[in-house]
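Engineer: Turn this into a structure:
(one chain, ligands or ions: 3)
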Amino acid sequence: MVIRKRNDMTQYASANDVKESALQKEYMKKAASYVTGLEAQLGRKPLCCVTTFGCQMNARDSEKLLGILTQIGYVPTDCEEEADFVIYNTCTVRDNANQRVYGRLGFLNSLKKKKPHMRIALCGCMMQEHAVIEKIKNSYRFVDLIFGTHNIYKFAQLLVTMFENHEMIIDIWEKTDQIVEDLPVSRKYPYKSGINIMFGCNNFCSYCIVPYVRGRERSREPGDILGEIERLVDDGVVEVMLLGQNVNSYGRNLPQPMTFAQLLREVEQIEGLRRIRFMTSHPKDLSDELIEVMQQSDKICRHLHLPVQAGSNRILQAMNRRYTKEQYLSLVDKIKTAMPDIAITTDIIVGFPGETLADVEETIDVVRKVQYDNAFTFIYSKRTGTPAAAMTNQVPDELVKEGFDKLLKVVQDTARERAALLQGKVMEALVEGVNEQDASYLTGRLTNNMLVHFPAEQRLIGQFVNVSLDVCHGFYYTGHVVC
Ligand code: SAH
Ligand code: SF4
Ligand code: F3S
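Structural biologist: Ligands and ions are numbered 1, 2, ... in the order given. Have a look, this model is predicted:
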């Protein structure tokens with residue numbers, strides 16, 4: 001077993017990042033020679049499969065992994081059974097994400113027994129947890145390569161190490177200050193793309209493991225972000241999603257600080273770019289400047305994901321969210337006054353330690369007042385190492401379930417009411433693909449993030465069309481194209 005660990009990171013200059021990018025390109029050439037060897041052995045192109053378990057940032061990392069894999073000669077497939085190299089990009093935000101990985105690893109083992117040349121890799125947030133690595137070392141010995149979130153840019157180098165060794169390679173770093181630009185990316189959609197504007201999180205909400213597995217907040221230089229978007233637009237991208245755990249604190253730690261609103265103003269200038277989305281916004285950092293930029297913009301979508309997490313001030317304080325119910329509601333008021341047509345969505349946790357049914361009623365009150373267009377509701381999951389995990393007042397499952405069911409009903413009712421308001425309107429949709437149920441229909445996304453399905457020809461995929469929203473089906477519409 002080869003284990004390397006790096007804890008004492010020093011500050012890197014950006015010249016080092018450039019050097020690192022060149023170094024990784026050299027490793028890509030070397031890895032490509034191993035893939036060519038495998039191709040000769042198999043008598044066909046080797047296939048690779050990248051499976052994403054987590055959030056948009058995790059999905060964007062998967063595009064980077066796939067970019068390197070295709071660069072070195074693998075052909076992508078969505079089918080793990082036929083793949084010669086499978087990598088799981090894991091998530092650990094809630095325990096069910098971890099359990100899904102363990103469940104599917106057993107299946108990968110059975111595939112590898114039939115195909116000994118098969119290689120299996122694990123990366124992502126779950127790998128930053130010490131207990132996970134111990135468990136894999138002991139019980140999943142068939143895994144070939146394990147790395148974490150901080151050294152993903154070294155993927156090509158790690159692949160070379162994997163090809164040159166026949167033992168489990170583990171390379172986990174505690175942290176990094178480095179942001180390596182200019183490595184290949186293989187996008188899932190030709191017309192839209194996620195863009196990392198920052199990495200990590202400094203907020204330490206007491207239930208959340210993300211700051212521990214993704215490290216401290218680091219913003220990318222605006223020039224690098226804008227350059228990347230310009231290249232994407234040249235390559236046919238019309239919609240971007242700016243990604244960060246808390247985009248509202250973008251730029252604070254840059255050598256020349258800038259605000260997220262200022263960055264948005266710059267992104268807006270990019271010719272040919274039609275739509276801008278972003279997530280996630282922490283309510284405590286959402287500025288008046290941002291509301292103003294959104295209000296004035298033709299490109300920023302009329303959608304704001306504004307996680308509230310809970311409605312009870314006592315629980316919000318224990319969660320370390322750093323706003324009150326009243327502050328959140330007045331922020332929403334300000335946003336809705338500036339942009340009456342905005343869709344607001346949220347994340348809610350039920351069952352945080354000490355939460356009573358009366359607390360859940362406070363959350364339900366927020367849902368009724370805000371009238372969310374959609375809300376992702378989660379049952380609290382205890383994450384080892386977080387302050388909330390050590391709290392002694394964990395809530396019994398039956399009580400959590402009762403509160404959760406009550407909340408979910410209100411969330412669904414209000415979202416349905418909100419959706420129905422658009423009935424009969426004509427709105428612009430970006431056509432994202434063929435409908436999964438009926439191939440004569442296409443699916444488009446509206447500025448407010450809602451989906452609409454309508455009969456049309458496939459050549460419209462990636463284009464903007466005006467669609468009449470004829471029938472509301474709760475959370476989506478069916479309609480027809482209007483010329
Ligand atoms: N940075 C984003 C969210 C990242 S995680 C933000 O601050 O909003 C996405 C969502 O997962 C969170 O908004 C929260 O609702 C949920 N979540 C995080 N930790 C959780 C836990 N321990 N149990 C249940 N849900 C959790
Ligand atoms: Fe987690 Fe809070 Fe950071 Fe979001 S802001 S990633 S919920 S610690
Ligand atoms: Fe995302 Fe999950 Fe990591 S939500 S940041 S992939 S823990």
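Engineer: going forward, measure contacts and count neighbours with C-alpha atoms only.
Structural biologist: OK.
Engineer: What's the local residue count around Phe352?
Structural biologist: 26 (other CA atoms under 10 Å).
Engineer: for it, helix, strand, or coil?
Structural biologist: Here Phe352 is recorded as coil under DSSP: H, G, I helix; E, B strand; the rest coil.
Engineer: unless I'm mixing things up, it is touching Thr392, no?
Structural biologist: No: Phe352 is not in contact with Thr392 according to CA atoms under 8 Å; the separation is 11.2 Å.
Engineer: So which residue is dead centre in this protein?
Structural biologist: Gln56 (1.6 Å; CA atoms, centre = their mean).
Engineer: tell me which residues in the longest helix anywhere in the chain are buried?
Structural biologist: The residue-count maximum for a helix in the chain (DSSP state H) belongs to helix 14-42. By 16 or more other CA atoms under 10 Å, the buried positions in helix 14-42 come out as 17, 20-21, 24-25, 27-32, 34-36, 38-39.
Engineer: what's the distance between the residue nearest to the centre of the chain and Tyr380?
Structural biologist: Relative to Tyr380, Gln56 is positioned 21 Å away (criterion: CA to CA, to the nearest Å).
Engineer: tell me the SS of whatever residue of the stretch 351-483 of the chain ends up closest to ligand 3?
Structural biologist: Going by CA to the nearest ligand atom, ligand 3 is nearest to Arg383 of the stretch 351-483 of the chain, at 10.5 Å. At Arg383 the chain is in coil, as set by three-state DSSP.
Engineer: same check, this time on Ala429
Structural biologist: strand.
Engineer: How about residues contacting stretch 180-187?
Structural biologist: With CA atoms under 8 Å, 6 or more residues apart in numbering as the test, stretch 180-187 has contacts from 17-18, 20-21, 25, 63-68, 70-71, 153, 193, 224.
Engineer: If we check ligand 2, which of the buried residues of helix 14-42 are in contact?
Structural biologist: When CA under 6 Å from any ligand atom is taken as the criterion, no member of the buried residues of helix 14-42 contacts ligand 2.
Engineer: Leu357 is in contact with Lys401, isn't it?
Structural biologist: No: applying CA under 8 Å, one finds Leu357 not in contact with Lys401, separated by 10.4 Å.
Engineer: Near ligand 3, which residues of this structure are found?
Structural biologist: Contacts of the chain with ligand 3, taken as CA under 6 Å from any ligand atom, map to Gly54, Cys55, Met57, Asn58, Cys91, Thr92, Val93, Cys125, Val210.
Engineer: all strands of the stretch 201-350 of the chain, in order?
Structural biologist: 218-219, 239-243, 275-279, 303-305, 343-350 (DSSP state E, counting those that start in this stretch).
Engineer: what's the angle from the next helix or strand along the chain from the longest helix of the chain to helix 14-42?
Structural biologist: Once the chain leaves helix 14-42, the next helix or strand it forms, by DSSP states H and E, is strand 47-52. Interaxial angle of strand 47-52 relative to helix 14-42 (axes from the mean of the first three to the mean of the last three CA atoms, to 10 degrees): 130 degrees.
Engineer: Each with direction, which strands does strand 47-52 pair with?
Structural biologist: Counting by DSSP bridges, the strands paired with strand 47-52 are strand 75-76 (parallel), strand 85-90 (parallel).
Engineer: Let me know which of these is tucked in deepest.
Structural biologist: Scoring these by mean neighbour count under mean count of other CA atoms under 10 Å gives strand 85-90 as the most buried, with a mean of 24.
Engineer: could I get the strands of the stretch 201-350 of the chain as CSV with distance to Leu430?
Structural biologist: Formatted as CSV, these follow (distance: least, CA to CA, whole Å):
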stretch, distance to Leu430
strand 218-219, 29
strand 239-243, 9
strand 275-279, 9
strand 303-305, 15
strand 343-350, 17
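Engineer: how about the ones you listed in CSV, adding mean pLDDT, mean neighbour count and distance to ligand 2?
Structural biologist: Formatted as CSV, the strands of the stretch 201-350 of the chain follow (pLDDT from 0 to 100; neighbours: other CA atoms under 10 Å; distance: least, CA to the nearest ligand atom, whole Å):
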stretch, mean pLDDT, mean neighbour count, distance to ligand 2
strand 218-219, 96, 22, 13
strand 239-243, 98, 22, 12
strand 275-279, 98, 21, 10
strand 303-305, 98, 22, 12
strand 343-350, 98, 21, 9
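Engineer: Tell me who's in contact with the closest residue to ligand 2 within the stretch 1-150 of the chain.
Structural biologist: Closest approach between the stretch 1-150 of the chain and ligand 2, counting by CA to the nearest ligand atom: Val93, at 8.4 Å. When contacts are counted by CA under 8 Å, 6+ apart, Val93 is found next to Cys208, Ile209, Val210, Arg383.
Engineer: Backbone dihedrals for the first one, please?
Structural biologist: What that stands for is Cys208. Per-residue torsions, Cys208: phi -100, psi 140 (degrees, to the nearest 10).
Engineer: For the helix or strand hosting Phe454, name the packing helices and strands.
Structural biologist: Here Phe454 is covered by strand 451-455, with elements defined by DSSP H and E. On a contact count with 3 or more CA pairs under 8 Å, 6 or more residues apart in numbering; DSSP states H and E, strand 451-455 meets strand 441-446, strand 476-482.
Engineer: got the contact list for Met162?
Structural biologist: Residues in contact with Met162 (CA under 8 Å, 6+ apart) are Asp144, Leu145, Met168, Ile169.
Engineer: Could you tell me how many residues sit around the first one?
Structural biologist: In this case it means Asp144. Asp144 has 22 neighbouring residues, counting by other CA under 10 Å.
Engineer: how about the nearest residue to it, chain neighbours excluded?
Structural biologist: Met168 (4.6 Å; CA to CA, 6 or more residues apart in numbering).
Engineer: Verify the contact between the one you found and Asn138 for me.
Structural biologist: No: in this structure, Met168 is not within contact of Asn138 by CA under 8 Å, at 11.4 Å.
Engineer: okay, those two: which has more neighbours?
Structural biologist: A side-by-side neighbour count of Met168 and Asn138, using other CA under 10 Å, places Met168 first with 19 against 9.
Engineer: where does the protein dip in pLDDT?
Structural biologist: 1-16 (pLDDT under 70).
Engineer: With neighbour count and distance to Glu174 added, can I get the contacts of Val93 in CSV?
Structural biologist: Output for the contacts of Val93, formatted as CSV (neighbours: other CA atoms under 10 Å; distance: CA to CA, whole Å):
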residue, neighbour count, distance to Glu174
Cys208, 24, 17
Ile209, 23, 14
Val210, 23, 13
Arg383, 19, 18
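Engineer: got the residues of this protein near ligand 1?
Structural biologist: Residues of the chain lying close to ligand 1 (CA under 6 Å from any ligand atom) are 93-94, 207-208, 245-246, 280, 282, 307, 309, 347-349, 378-383.
Engineer: The same query, at a cut-off of 5 Å, please.
Structural biologist: Taking CA under 5 Å from any ligand atom as the test, the list of the chain residues beside ligand 1 reads Tyr207, Cys208, Gln245, Pro307, Asp347, Tyr380, Ser381.
Engineer: before we move on, the earlier item: any figure for the gap between the residue nearest to Asp144 and Leu158?
Structural biologist: 11 Å.
Engineer: still on that earlier bit, return the member of the contacts of Val93 nearest to Gln99.
Structural biologist: Closest approach to Gln99 among the contacts of Val93 (CA to CA): Arg383, at 13.1 Å.
Engineer: so the closest one touches Asn96, yeah?
Structural biologist: No: using CA under 8 Å, Arg383 makes no contact with Asn96, being 11.1 Å away.
Engineer: one step back: now the residue of the stretch 1-150 of the chain closest to ligand 2: which helix or strand?
Structural biologist: Val93 belongs to no helix or strand, assigned by DSSP H and E.
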